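> No sequence on hand, only this structure:
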């Protein structure tokens, strides 16, 4: 338990190459850990938006919504995993969907461990010191992207260049998925509308 | 008996309640909506700051209807001058709104001359009149009695084109007797004349910003199409006023401009303070079909405040010296207090006067309680008397709890008094992050100084506790290992092994 939930993720963020290898070939990663990390990311996002210090918090408190926050993390996460899986299947990636999910999830750990303390720290910052807050936020993002990069590279056994290309393509595929999704939704809506109209027509005629 | 008592008590209570209910601030109905913008760019309803008191037409004054009046000036002496453009005359009223005299012309070296379409006027400290005699292409300077002092005519200069035609529209004079003129067809800036009427040069050119979409569009268009397009020309100024320090306040009507109001120093640089949440540009939210505010006149008020008149929606926007929007009043319409084509705004003894070109009348607005205390507090703040401003700002907050400037004003005063914790609260309410940061830094230092001893003591205590714990743990471990070494036979081999090597 402790090994899975604390030691391995913390080891992973500083030794990504070894750890992602272990995750893929030694069966060290766990899906339930990934989901827990995801939940923690959502919580830290909510905490950041709600409780970050006045000097760094530019959110309108009337418009904060935890459910929306939840979806803005969960939805892109699965969209990314799906798109990455779709594109790497075509590009001889060795990763399974589960592995992609785990690599992405574990890469999010820096966000959890940086955001929450920084939210607390930001409440004790004056305006000149907020630069430090923004610095740490950027560190979290860069760290996440670096881990994601290593993770994708290891999971699929890609070269560096191929990883970069795949990640960019994944973003494009995410756009396509969203586009197709909206298209399908609107078509379903129109089809249902069509059948409802036929039904109404029949009801009123007979 | 008891029932009667209860009834009496109930009646009393209801009476008390009905009396205790505060009378609405905006008791007098106004034909426009008063609002102010909050930090989140929303127009929040606010009490009216000015309400229409009465209107005056030319007929009311007994001089016949005004025809397209274009300008109005209140002199220091209290006299009110109205430029009745269409009738080519200047009407002078005394401070009790009685006609003092009507100037229709002047005596120019024995020749009786008249105005032609005059559209601008300024009255200096001595009471001399500077009339922009538009279609005659000259500035006429008259004494308070209406005698001609001098004329400023077609200027001659190397920097003016050969076919230049002088069409003055608005005029202002500073303390050094320099005359500033806005002329039609002049895009270079405000024309500046010295006290003898010699053209010196331009001040305060409007900057042209490159519009990149237009630029790209231009790359793909043919020559003929390009000729059809509007040129990148800086827009003209629409009006000017001068404050008592000799700074010019100028408005322009460039539709995309973020700086339609400028405060020009003597060397022509814009030094207007824009410290408010938003730029000084009137409405920050508007319907696309209506468009942004178009300022046609500006009036400098006492204590660094200024009111700008928006002709597009017939509103008057008043700002303080730091560029905070204080209040908005007015609107378009036919009721008293709304305008058709507002042309000029003036200030006379606490009231604001708006000249309506379309209706040919003057509307006199008097301040409400809210308006006058806002003015009072803004005045205190401008003069650095923040402590005196606090009770007034608190009064303002009673009338309008959404008035962010009041919170910030109180916060600033509390900061001066070193009441940092309270100041933080008020700055937060007013969404002033800079002020909050200063207050917070001081408060943090205070708290740290106060609790430094406690903090150190607790750290020491923790360290001592930790050391004790370690020593105790070490001692226990030692004893345990000794015990397991002494009694290995009591357990099975494996258990002993485990205990001993763990």
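Perfect, thanks for sending it. Bear in mind the structure is a predicted one, so any value in this text is a computation, not a measurement.
> By proximity to chain A, which residue of chain B wins?
Chain A sits closest to residue B:437 of chain B, with a gap of 3.5 Å, by CB to the nearest CB. C-beta here means a position set from N, CA and C on the backbone, and glycine is covered the same way.
> Report pLDDT for that residue.
pLDDT, residue B:437: 95.
> my guess is it meets residue A:56, correct?
No - Residue B:437 is not in contact with residue A:56 according to CB atoms under 8 Å; the separation is 10.7 Å.
> residues from chain A in reach of chain B?
A:54-55, A:60, A:124, A:126-128 (CB under 8 Å from any CB of the partner chain).
> Can you tell me the SS state at residue B:63?
Counting by DSSP: H, G, I helix; E, B strand; the rest coil, the backbone at residue B:63 sits in coil.
> count of neighbours near it?
Each residue near residue B:63 was counted by other CB atoms under 10 Å in any protein chain shown, and the total is 17.
> residues contacting it?
By CB atoms under 8 Å, 6 or more residues apart in numbering or on different chains, residue B:63 lies in contact with B:91, B:99, B:102.
> What does the pLDDT read for it?
90.
> which parts of stretch B:39-50 are buried?
For stretch B:39-50, the neighbour count (16 or more other CB atoms under 10 Å in any protein chain shown) marks B:43, B:46-50 as buried.
> Just give me how far stretch A:56-76 sits from the chain centre.
14 Å (CA atoms, centre = their mean, to the nearest Å).
> Stretch A:33-40 now?
Going by CA atoms, centre = their mean, the spacing between the C-alpha centre of stretch A:33-40 and its chain's C-alpha centre is 10 Å.
> Likewise for stretch A:106-115?
The answer for stretch A:106-115 is 11 Å, by CA atoms, centre = their mean.
> Contacts for it next, please.
Applying CB under 8 Å, 6+ apart, the contact partners of stretch A:106-115 are A:9-10, A:12-13, A:19-20, A:23, A:29, A:33-34, A:37-38, A:40-41, A:44-45, A:47-48, A:136-137, A:139-141, A:143-144, A:147-148, A:151.
> Let me see the mean pLDDT of it.
Stretch A:106-115 comes out at a mean pLDDT of 95.
> Skipping its backbone neighbours, what lies nearest residue 98 in space?
Went with chain A since none was named. residue A:31 (6.3 Å; CB to CB, 6 or more residues apart in numbering or on different chains).
> oops, I was thinking of chain B
Residue B:98 sits nearest to residue B:61 (CB to CB, 6+ apart), 8.0 Å away.
> Flag every residue of the stretch 401-502 of chain B that's near chain A.
For the stretch 401-502 of chain B, the residues in contact with chain A (CB under 8 Å from any CB) are B:428, B:433-434, B:436-438, B:440-441, B:444.
> Can you go through these and name the buried ones?
Among these, those classed as buried by neighbour count (16+ other CB under 10 Å) are B:428, B:433, B:436-438, B:440-441.
> Spit out the contact partners of residue A:122.
Contact analysis of residue A:122 by CB under 8 Å, 6+ apart lists A:52-53, A:55-57, A:130, A:133.
> Quick test: name the residue nearest the centre of chain A.
Centroid check for chain A by CA atoms, centre = their mean gives residue A:77 as the closest residue, at 3.3 Å.
> what comes into contact with the strand or helix carrying that residue?
Under DSSP states H and E, the secondary-structure element containing residue A:77 is helix A:66-90. The contact list for helix A:66-90 (CB under 8 Å, 6+ apart) reads A:38, A:41-42, A:45-46, A:49, A:93, A:95, A:97, A:100-101, A:104-105, A:152, A:156, A:166-167, A:169-171, A:173-174, A:177-178.
> coming back round to it: ok now do the residue nearest to residue A:98, which residues does it touch?
A:98, A:101-102 are the contacts of residue A:31 under CB under 8 Å, 6+ apart.
> Look up how far chain B lies from it.
For residue A:31, the distance to chain B (CB to the nearest CB, to the nearest Å) stands at 33 Å.
> The residue in chain A that chain B sits nearest to: neighbour count?
Of all residues in chain A, residue A:127 sits closest to chain B, at 3.5 Å by CB to the nearest CB. By other CB under 10 Å, 16 other residues sit near residue A:127.
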